[in-house]
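# Build me a model:
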Amino acid sequence: MATQVNESHAATRFRTTTILGVDVFYREAGDPSKPSMVLLHGFPSSSYQFHDLIPLLADRFHILAADYPGMGYSESPDPAVLRPTFDELAKVIDAFIAQYAPGPFILYMHDIGGPIGMRIATAHPERIAGLIFQNFTISVEGWNPERLKVNERLGGPETPENLAETEQFTTVDRDKFLHKRGARQPDALSPDTWAIDAYAFSIAANRVFMSRLFMNLATNIQHYPDWVAYLKGRQPKTLIVWGRNDPLLLPAAAEFVKQVVPTADLRYFDGGHFVLDEYADAIAEAIIETFSR
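Next up, the predicted model:
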């Protein structure tokens, strides 16, 4: 029998709230009385990357997806208000979750959403109802070695030269590369995906904030042992959905999580870094099988 869906809950709502002094844009769907799922997006993207996934889950979960400060439609704060570091972003998203999903929640983590989400999970292990890993790593071996070298080289003290170099990672050309490289049918992807991101790139303060955040990437490596210890100790219900052809992150990253959490469900897809571009239906079904049925 078909599920009766409350249309007011199924539709995605678009809202802005103030969290720790920063205006944060977010998408919300589903009935707040149902299990909460928080979707953490990648770089240099926004919550728009979940626009196909959210409606597929809204009848079973309460969905929240925020744009990080300095990205998407969220405010790019002055460094005096919020520094562009993963520690600071995690504080904002943690406070956002506490306000809008105060009970147990499932964390969907992609790319830079992983370091943000793992900080939150280790801070509140009792609230984590499950984890979804999509193309991010908690091991050095999960990185493409050339990409890891770039992250480490740009992770030193800021100079005008390395800031200018990192700004090249917040461009439409870079965004198109990440969406298309490794995709099953790259020429069939909607250009709306990078056109949406281009709005954020067009704002100078956003580009600088994202560039400085990029330079903070290497600081996450020191946290890998703590995140591994958390997963080993808690053994949370875990789903791993992975674009096998990702140019940045290797399948070894997914295999490592499977070793740490042996009961995790690992599913590979013939896609790239932004695997949701082509496999939202299949990934939604995997989420429902793991966390709803």
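# Nearest residue to Pro84 in space, please, no chain neighbours.
Once flanking residues are discounted, Pro84 sits nearest to Arg212: 3.9 Å by Cβ to Cβ, 6 or more residues apart in numbering. From N, CA and C alone the C-beta is placed, and that goes for glycine too.
# That neighbour belongs to a helix, doesn't it?
Yes: with DSSP: H, G, I helix; E, B strand; the rest coil as the criterion, Arg212 is part of a helix.
# what's the first-to-last distance across stretch 40-52?
15 Å (Cα to Cα, to the nearest Å).
# Pull out the buried residues from that stretch.
Along stretch 40-52, these residues count as buried under the neighbour rule (16 or more other Cβ atoms under 10 Å): 40-52.
# Repeat that for stretch 77-89.
77, 82, 84, 86, 88-89.
# export those residues to JSON lines and tack on pLDDT and secondary structure?
JSON lines is the format used below for these (pLDDT from 0 to 100; DSSP: H, G, I helix; E, B strand; the rest coil):
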{"residue": "Pro77", "pLDDT": "95", "secondary structure": "coil"}
{"residue": "Leu82", "pLDDT": "96", "secondary structure": "coil"}
{"residue": "Pro84", "pLDDT": "96", "secondary structure": "coil"}
{"residue": "Phe86", "pLDDT": "98", "secondary structure": "helix"}
{"residue": "Glu88", "pLDDT": "97", "secondary structure": "helix"}
{"residue": "Leu89", "pLDDT": "98", "secondary structure": "helix"}
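# re the thing from before, kindly indicate which of the buried residues of stretch 40-52 lies nearest Leu231.
Leu40 (16.5 Å; Cβ to Cβ).
# what sits opposite that closest one in the beta ladder?
Met109 (DSSP bridges).
# What score does it have for pLDDT?
If you check Leu40, the pLDDT there is 98.
# List the contacts of it.
By Cβ atoms under 8 Å, 6 or more residues apart in numbering, the contact set of Leu40 is 65, 93, 107-110, 113-114, 116-117.
# Just send the buried residues of stretch 40-52 back as TSV, with secondary structure too.
Listed next are the buried residues of stretch 40-52 as TSV, based on three-state DSSP:
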residue	secondary structure
Leu40	strand
His41	coil
Gly42	coil
Phe43	coil
Pro44	coil
Ser45	coil
Ser46	coil
Ser47	helix
Tyr48	helix
Gln49	helix
Phe50	helix
His51	coil
Asp52	coil
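# Any chance of JSON lines for those, columns distance to Ile138?
Below are the buried residues of stretch 40-52 laid out as JSON lines (distance: Cβ to Cβ, whole Å):
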{"residue": "Leu40", "distance to Ile138": "14"}
{"residue": "His41", "distance to Ile138": "18"}
{"residue": "Gly42", "distance to Ile138": "15"}
{"residue": "Phe43", "distance to Ile138": "17"}
{"residue": "Pro44", "distance to Ile138": "21"}
{"residue": "Ser45", "distance to Ile138": "20"}
{"residue": "Ser46", "distance to Ile138": "23"}
{"residue": "Ser47", "distance to Ile138": "23"}
{"residue": "Tyr48", "distance to Ile138": "26"}
{"residue": "Gln49", "distance to Ile138": "21"}
{"residue": "Phe50", "distance to Ile138": "22"}
{"residue": "His51", "distance to Ile138": "27"}
{"residue": "Asp52", "distance to Ile138": "26"}
